[in-house]
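Visitor: sharing a sequence plus its predicted fold:
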Amino acid sequence: MKVERSIKTMKFDLEFPVEIWRIILYQACNPVTEEEVSNILASSQRQSLQSLHEPDYQSMLSLILTCRTFTKLVLPFLLRFIQIPFLNPLPYHGLPKSSSTLTLPLPKAFGTPDRCYGDFVRYISIGKLHHLSETLNSCPNVSHLIIHGNQFMRHIPDIGIMLSGLKSLVALHMPECIARLPHVRDGSIHPRHSLENLKLLHVKIHTDNPDYLEVCSWEIPNLHRVVMGSDLAMTSVTGAAILQLYGQSLQSLSFVGPRFVRILKAPLLESFCPLLTHLQIESPDRLLEGTEHGESSIIHHGVTTVTFAAMTWES
């Protein structure tokens, strides 16, 4: 007896909305997140960059080559965070290998010839300062920027102009607080460049004289958090110049690294930073600094949260 078997083919509809694919591919690619980069910006250790999880570059590259839709969805994940000098572990002809290639036009799949690779870059860590201008001009949408300076290079020409052009910049880490050139300190009036969207500023300071601090020549009207430290054994440094200029909107103040920055006390700190509610220091004994010389132990009456390293106390 002949038995006939009927084979039925089941078809699956894989035409999900683009929004659904974006969620699925985000989970698959596991790109660097804004929270991770923000934590590094507030950290005192340069090597904290190594704590970033490594995204699945291999999966990203495979997905980019799958179809046009995946290319448009995944390429922004691939370029979200870059380090200069570039440290990408995988070779790929479409992935920028130097700061100059950030200006190359995007693949045809994007259908916008006026856009370039740099448009997708959101987070930058840069150690080669001679590439800074070229890189920032190529990446207009950067929101988080880490600049690695050193004690031998305290000035970057036109740094204020470059940063004011980044309209999406919300967080900036400058390990060395760049000194202003002598001709800027000649008493004449110079334009103040505005970083109107900057919320977090992390600087190392070497003086309280605003005439010697490039950051004091800017306009930062919406600054919410300042992280300060110093590598110089100068206990008289307090960061007063920065706090006096930008403290009116400040809500959080952190002191990191060696104890070379002295903490201001009330009423001076309250007058500089009337909205301050969060203070971060290394250990509780820093709250008592100066009391042996008759200084007040009160730092700020408005502070409701104090963080000691990994421990937080709330009133």
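Guide: Sure, I can see it. Please read all numbers here as calculations on a predicted model, not as lab measurements.
Visitor: just for the stretch 51-200 of the chain, where's the confidence low?
Guide: In the predicted model of the stretch 51-200 of the chain, residues 51, 85-100, 149-155, 176-190 satisfy pLDDT under 70.
Visitor: so which residues of it form helices?
Guide: Counting by DSSP state H, counting those that start in this stretch, residue ranges of the helices within the stretch 51-200 of the chain are 57-64, 68-78, 132-138, 159-164.
Visitor: give me the contacts around the longest one.
Guide: Going back to what we said before, that points to helix 68-78. The set of residues external to helix 68-78 that reach it, using CB atoms under 8 Å, 6 or more residues apart in numbering, is 18, 21-22, 25-26, 29, 31, 55, 57, 60-61, 63-65, 94-95, 106-107, 109-110, 120. For every residue, glycine as well, the C-beta is placed using N, CA and C.
Visitor: give the buried subset of those as a PyMOL selection command.
Guide: The buried subset of the contacts of helix 68-78, as determined by 16 or more other CB atoms under 10 Å, is captured in PyMOL by this line:
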select buried, resi 21+22+25+29+31+55+57+60+61+63+64+94+95+106+120
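Visitor: so what pairs up with residue 123 in the strands?
Guide: The residues listed as beta-bridge partners of residue 123 by DSSP bridges are residue 81, residue 144.
Visitor: burial of the closest residue to residue 84 other than its chain neighbours, as a residue count?
Guide: Leaving out its chain neighbours, the residue that sits closest to residue 84 by CB to CB, 6 or more residues apart in numbering is residue 126, at 4.5 Å. Neighbours of residue 126 under the rule other CB atoms under 10 Å: 18.
Visitor: give me the distance between residue 126 and residue 203.
Guide: For residue 126, the distance to residue 203 equals 16 Å [CB to CB, to the nearest Å].
Visitor: one more: residue 76?
Guide: Between residue 76 and residue 203 the computed distance is 30 Å (CB to CB).
Visitor: more neighbours: which of those two?
Guide: Set residue 76 next to residue 203 and count neighbours by other CB under 10 Å: residue 203 wins out with 22 against 16.
Visitor: next up, phi/psi of that one, please.
Guide: Geometry field for residue 203 lists phi and psi as phi -140, psi 150, criterion degrees, to the nearest 10.
Visitor: who's in contact with it?
Guide: Counting by CB under 8 Å, 6+ apart, residue 203 has contacts 174, 177, 215, 226-229, 242.
Visitor: same thing with residue 239?
Guide: The contact partners of residue 239, by CB under 8 Å, 6+ apart, come to 205, 208, 226, 228, 261, 264.
Visitor: let's see it at 7 Å
Guide: Residues touching residue 239, when contacts are defined by CB atoms under 7 Å, 6 or more residues apart in numbering, comprise 205, 228, 261.
Visitor: cool, residue 108 as well?
Guide: Taking CB under 7 Å, 6+ apart, we find residue 108 in contact with no residue.
Visitor: against residue 240, how distant is it?
Guide: In this view, residue 108 and residue 240 are 55 Å apart by CB to CB.
Visitor: and for residue 289?
Guide: Residue 289 is 15 Å from residue 240, where distance means CB to CB.
Visitor: now stretch 32-43: buried residues?
Guide: Across stretch 32-43, burial judged by 16+ other CB under 10 Å covers 32, 36-38, 40-43.
Visitor: name the residues that touch that stretch?
Guide: Applying CB under 7 Å, 6+ apart, the contact partners of stretch 32-43 are 48-49, 52, 55, 80-81, 123, 144, 146, 171, 173, 200, 202, 227, 254.
Visitor: which of those count as buried?
Guide: 49, 52, 55, 80-81, 123, 144, 146, 171, 173, 200, 202, 227, 254.
Visitor: which of those residues fall in strands?
Guide: Using DSSP state E, 81, 123, 144, 146, 171, 173, 200, 202, 227, 254 are the members of the buried ones among the contacts of stretch 32-43 that sit in strands.
Visitor: what's the closest of those to residue 131?
Guide: Top of the list for closeness to residue 131, among these and by CB to CB, is residue 146 at 13.6 Å.
Visitor: fine by me, we can end here.
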